[in-house]
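[1] predicted model and sequence below, questions to follow.
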Amino acid sequence: MELSRFKAGTSSKQNGYAAFIPEPVNHEWFINDAKVNRLLNDANRLLGELNSLSLLIPDVDFFIRMHIAKEATKSSKIEGTQTSIEEAVQNEEHIGPEKRNDWQEVHNYIDAINFAIDGLNKLPLSNRLLKQAHKKLMRGVRGKSKMPGEFRTSQNWIGGASLTDAVYIPPPHPLVPELMSDLEKFLNNNELQAPPLIRIAIAHYQFESIHPFLDGNGRLGRLLITLYLVSNKILIKPALYLSDFFERNRSHYYDNLNMVRSQNNMKQWLVFFLAGVKETAESSIHTFNSIVKLRKEVEEKKIMKLGKRVSAGMALLKYLYAKPVVDIPEVAKVLEVNITTAHRLMNEMEKLNILQEQTGFKRNRYFVFKAYLKLFEK
């Protein structure tokens, strides 16, 4: 289908409201727009650079965990949580009671990401896998009573207090299984010639338009992007997440999705999506390069000053790359040393300005690898 001939769907009158029914997407797509193709080429080139870096950096999986923590924080923020990335990598006991529900939502998303990426080793990218990830996402938080792990069996809506003043009303629930089956086929149809980034851009739009669950659709729809890129080997490591771009351009994100439905303007959505991939890949490349520079400085100029504690310092530093906020009991457990030894090591690393103590207390203290954490806060 040519973009100029694309029809997004139809409006269906229900009981006092009109629901949008998206057209199936499992068919060929022909993209002959110069702007879209230029952005597509740029995005693919940058993803190639990102893949090369992810293969060259030793212990890259430790750094990937921080990318996942950032994604969970940003994707959940779009849905209204207020957890920072520093709080996201803290232990729960250091989180104030008023923030623990938000903290748990972020950690559920981290669990859902890790579960789904690992699940790709056993399952194709499928509705079954998405349902399992959704169940992880909704465990014990807001939405836990809204059919976690199952497609909805009632009408939902976006924006507004009810169906009568909603901003967007997805298709009626009896149509959800058929539409999601079509989407699953589209994601896995090897006969189609649509480039992978075009395909996942369309798939994300379609998922958000179907809104197959009663809650958690936004987060799962954004996770779908990374899952597709990993499952199709476009990303060797899960190092690219678009939620930061979507969160910073939130109004444009929703406007562009709505323009597809209201004006059949798929081109503008593709331009926005590919610009997001390009910008996010550039940012991830910059972060990886900054990590390499910081790692060299800390390991060669600072850790070596620990004397007989160099070995323990290097072991702790590797742990900090995955979790840059720690407390003394945690360090003692990780390094398999007593509390006193862990306390001395932490004090030495604080003197070297590797770690910073955050509380100012004598008890229940925790330390932050601030220079590293800042790379993910930008």
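    It's in.
[2] where in this structure is pLDDT low?
    Along the chain, segments meeting pLDDT under 70 are nowhere present.
[3] which residue is nearest the centroid of it?
    residue 71 (3.6 Å; Cα atoms, centre = their mean).
[4] do you know how far that one is from residue 160?
    Plainly put, residue 71 is 28 Å away from residue 160 if you go by Cβ to Cβ, to the nearest Å. All C-beta atoms are positioned from the backbone trio N, CA, C, and that covers glycine.
[5] same question for residue 201.
    Residue 201 is 27 Å from residue 160, by Cβ to Cβ.
[6] please apply the same query to residue 154.
    16 Å.
[7] of these two, give the one with the bigger neighbour count.
    residue 160 (12 against 9; other Cβ atoms under 10 Å).
[8] so who does that one touch?
    By Cβ atoms under 8 Å, 6 or more residues apart in numbering, residue 160 lies in contact with 166, 167.
[9] one step back: what helix or strand is the residue nearest to the centre of the chain on?
    Taking DSSP states H and E as the criterion, residue 71 maps to helix 60-78.
[10] contacts for that helix, please.
    54, 57, 83-85, 88-89, 102, 105-107, 109-110, 113-114, 218-219, 222-223, 226, 237-239, 241, 243-244, 246-247, 250, 284, 287-288, 291, 318, 321-324, 376.
[11] same check on stretch 96-104?
    76, 81, 82, 83, 87, 88, 90, 92, 95, 140, 141, 142.
[12] give the buried subset of those as a ChimeraX selection command.
    Listed next is the ChimeraX selection for buried residues among the contacts of stretch 96-104, using 16 or more other Cβ atoms under 10 Å:
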select :76,81,83,87,88,90,95,141,142
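[13] what's the closest of the contacts of stretch 96-104 to residue 255?
    residue 76 (21.5 Å; Cβ to Cβ).
[14] run through the strands of the stretch 151-300 of the chain in chain order.
    For the stretch 151-300 of the chain, applying DSSP state E, counting those that start in this stretch gives no strands.
[15] which stretches in it count as helices?
    Along the stretch 151-300 of the chain, counting by DSSP state H, counting those that start in this stretch, helices occupy 176-188, 196-210, 217-231, 243-248, 250-263, 266-297.
[16] tell me which of the ones you listed approaches residue 342 most closely.
    helix 266-297 (22.3 Å).
[17] in that closest one, what counts as buried?
    Neighbour-count burial for helix 266-297 [16+ other Cβ under 10 Å]: 266-281, 283-285, 287-288, 290-291, 294-295.
[18] domain map for this structure?
    36-287, 296-377 (automatic domain parsing).
[19] wait, which of the contacts of stretch 96-104 is closest to residue 358?
    residue 90 (9.3 Å).
[20] surely that closest one and residue 323 touch.
    No. Residue 90 lies out of contact with residue 323 (Cβ atoms under 8 Å); the separation is 9.0 Å.
[21] what's the separation between residue 15 and residue 213?
    Taken as Cβ to Cβ, the span from residue 15 to residue 213 is 22 Å.
[22] who's more crowded, the two?
    The neighbour comparison of residue 15 against residue 213 (other Cβ under 10 Å) goes to residue 213, with 26 against 6.
[23] now do the more buried one against residue 250, distance only.
    Distance from residue 213 to residue 250, by Cβ to Cβ: 21 Å.
[24] got a list of what residue 18 touches?
    11, 12, 169.
[25] residue 267 now?
    3, 33, 35, 36.
[26] where does the second one sit relative to residue 270, distance-wise?
    The gap separating residue 33 from residue 270 is 8 Å, by Cβ to Cβ.
[27] list residues touching both of the two?
    Common contacts of residue 33 and residue 270 (Cβ under 8 Å, 6+ apart): residue 3.
[28] run the chain-centre distance for stretch 240-254.
    11 Å (Cα atoms, centre = their mean, to the nearest Å).
[29] show me which residues of it are buried.
    The neighbour-count check on stretch 240-254 (16+ other Cβ under 10 Å) flags 240, 241, 242, 243, 244, 245, 246, 247, 249, 252, 253, 254 as buried.
[30] swap in stretch 44-59?
    Buried residues in stretch 44-59 (16+ other Cβ under 10 Å): 44, 46, 47, 50, 51, 53, 54, 57.
[31] gap between residue 16 and residue 156?
    Counting by Cβ to Cβ - residue 16 and residue 156 are separated by 15 Å.
[32] quick check, nearest of the contacts of stretch 96-104 to residue 354?
    Nearest member of the contacts of stretch 96-104 to residue 354, counting by Cβ to Cβ, is residue 90, at 17.8 Å.
[33] from the contacts of residue 18, which single one is nearest residue 308?
    Nearest member of the contacts of residue 18 to residue 308, counting by Cβ to Cβ, is residue 169, at 66.6 Å.
[34] pretty sure that closest one contacts residue 17?
    Yes. Taking contacts as Cβ under 8 Å, residue 169 lies within contact range of residue 17: 5.8 Å.
[35] between the two, who's got more neighbours?
    residue 169 (22 against 15).
[36] and of the helices of the stretch 151-300 of the chain, who's closest to residue 372?
    helix 266-297 (6.2 Å).
[37] the next helix or strand after the closest one packs against which elements?
    Note on helix 266-297: by DSSP H and E, the next helix or strand toward the C-terminus is helix 310-322. Helix 310-322 sits against helix 60-78, strand 325-327, helix 328-335, helix 339-351, with contacts defined as 3 or more Cβ pairs under 8 Å, 6 or more residues apart in numbering; DSSP states H and E.
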